[in-house]
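> give me a model of this one.
(chains A and B)
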Amino acid sequence: MCLKMITYKPFLILIAISLLLIFSDRVFYFKTPRNFTQFVFKPVLLGLHESGLKLFQVFDFLAKLPKIYQENQELNLKLSQQASLEIANERLKQENQALRNQLFIQKEVGLELLPSQVLGQINLSSQVFLVIDKGESEGVSNQSVVVLEKNLIGKIEKVEKHTALLSPLFGSQSKLTVKIGVKEAQGVIEGELNSQVKLTQVLQEAQIQVGDLILSQGSEGIYPANLVIGRLKTLEKKDWEVYQRGEVELFWDPRQLKTVFVIL
Amino acid sequence: MKEISFFLLLIFLSLIQIAWGPWLSFLGFAIPLSLLVLLMGIKWFKSSSLLIFAFFSGLFYDLVSSETLGIMALLNTIIVGVALMLVKK
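As a prediction, this is how the structure comes out:
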């Protein structure tokens, strides 16, 4: 009944023709019409095939996109982990080297030293401080002196339980008496602009020159004597002035400081 | 004119199916498109014309793809016949 509705006759005729074609093709194999059609449509098929390949690449890429994204995320994570590991390694290496150097100095000087890491630099009331990772619980106290090898770095100004604020030599509030050169001329060094160290109060008759080594005098009762401050970088000597002045070059770079030692 | 356009569309679909291979069907392109064309054909043409179109496009496919002549023609005719039965009952 349904077949009647879809024009029964053509349907059957076409089915019959198809079957006949299948049968005759199996027997005779119609080569000529095949060759002709394939020859005519070959360029079209070629073009379509190429465009299909391109389309397939696009689909393939789109299908792989979530996986690629995930892989990229994982690689980024691994990369950052690797980078942090490398940083930690580098820090350990530097810490190790600093400890070795300090151990040698410690034996020489005979002081008890506590190694600590510099966590950062902050500004409080227009004064610069370095934050270190050791505090009261580790035995650090106010006015503790901080060194690196034989170099004086500064002193502790504020102590928390597990951290402390270190006032470096170049800090604006920093001031201490020093001896300069082989003749041990007296002077005072002061931090200036939180970035450099100035030498002042050196008497005109004192015989000092650029390049002289500057050491702590130890007269304040805070700093041990003979700690290295730096080298005299420039010298200003004016006859009408009471004192000579100069600029001090430190042997350490505040930006490179990682491990320092607190004298307990 | 409409008939020629429709037949050319069927021819084009056959060519695409040969050139792009079976993966296209998996991507859900060829089958839905063919279905859409079939529904369009059912709407626009008489059942007998549609059957003839299906037969000849199948025959074309057989010729280009070196398939046994008449196989796709038979298949297309049966599919369209069944579709017509389902739609026009």
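
> next structured bit after the helix or strand A:L65 falls within?
In the assignment (DSSP states H and E), A:L65 maps to helix A:31-109. Remark: after helix A:31-109, the chain's next helix or strand is strand A:113-124, criterion DSSP H and E.

> summarise which helices and strands that next one is packed against.
With contacts taken as 3 or more C-beta pairs under 8 Å, 6 or more residues apart in numbering or on different chains; DSSP states H and E, strand A:113-124 sits against helix A:31-109, strand A:127-132, strand A:164-168, strand A:259-263. Using the backbone N, CA and C atoms, a C-beta is placed for each residue, glycine as well.

> right, and these - which one's nearest B:F53?
B:F53 lies closest, by C-beta to C-beta, to one member of these: helix A:31-109, at 17.3 Å.

> on that earlier part again, would you mind giving the helices and strands packed on strand A:113-124 as JSON lines with mean neighbour count, distance to B:L69 and mean pLDDT added?
Converted to JSON lines, the helices and strands packed on strand A:113-124 look like this (neighbours: other C-beta atoms under 10 Å in any protein chain shown; distance: least, C-beta to C-beta, whole Å; pLDDT from 0 to 100):
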{"stretch": "helix A:31-109", "mean neighbour count": "12", "distance to B:L69": "8", "mean pLDDT": "85"}
{"stretch": "strand A:127-132", "mean neighbour count": "22", "distance to B:L69": "88", "mean pLDDT": "84"}
{"stretch": "strand A:164-168", "mean neighbour count": "24", "distance to B:L69": "94", "mean pLDDT": "89"}
{"stretch": "strand A:259-263", "mean neighbour count": "23", "distance to B:L69": "87", "mean pLDDT": "88"}
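
> need these in TSV with distance to chain B, can you?
Output for those, formatted as TSV (distance: least, C-beta to the nearest C-beta, whole Å):
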stretch	distance to chain B
helix A:31-109	4
strand A:127-132	60
strand A:164-168	66
strand A:259-263	61
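
> switch these over to a markdown table; also include distance to A:A16.
Rendered in a markdown table, the data for the helices and strands packed on strand A:113-124 read as follows (distance: least, C-beta to C-beta, whole Å):
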| stretch | distance to A:A16 |
| --- | --- |
| helix A:31-109 | 20 |
| strand A:127-132 | 96 |
| strand A:164-168 | 101 |
| strand A:259-263 | 96 |
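
> for A:I180, find the nearest of these.
strand A:164-168 (20.1 Å).

> what's the closest non-adjacent residue to A:I229?
A:I214 (4.2 Å; C-beta to C-beta, 6 or more residues apart in numbering or on different chains).

> buried ones in stretch A:224-238, by neighbour count?
A:227-230, A:232, A:235 (16 or more other C-beta atoms under 10 Å in any protein chain shown).

> which residues touch that stretch?
Stretch A:224-238 is contacted from outside by A:109, A:111, A:145, A:147, A:150-152, A:169, A:178, A:180-181, A:189, A:197, A:199, A:204, A:208-218, A:244-251, A:263, using C-beta atoms under 8 Å, 6 or more residues apart in numbering or on different chains.

> got the CA coordinates for it in PDB?
Extracted in PDB, the C-alpha atoms of stretch A:224-238 (Å, rounded to 0.1, in the frame of the first residue of the first chain):
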ATOM      1  CA  PRO A 224      83.700  44.300  66.500                       C
ATOM      2  CA  ALA A 225      86.900  46.000  65.400                       C
ATOM      3  CA  ASN A 226      88.600  45.300  62.100                       C
ATOM      4  CA  LEU A 227      85.500  44.300  60.100                       C
ATOM      5  CA  VAL A 228      85.900  45.400  56.500                       C
ATOM      6  CA  ILE A 229      83.700  48.300  55.400                       C
ATOM      7  CA  GLY A 230      85.100  49.000  51.900                       C
ATOM      8  CA  ARG A 231      87.600  51.000  49.900                       C
ATOM      9  CA  LEU A 232      87.900  54.700  49.600                       C
ATOM     10  CA  LYS A 233      86.500  55.500  46.200                       C
ATOM     11  CA  THR A 234      86.800  59.300  46.000                       C
ATOM     12  CA  LEU A 235      88.400  61.900  48.200                       C
ATOM     13  CA  GLU A 236      87.600  65.600  48.600                       C
ATOM     14  CA  LYS A 237      90.200  67.600  50.400                       C
ATOM     15  CA  LYS A 238      89.500  71.400  50.700                       C
END
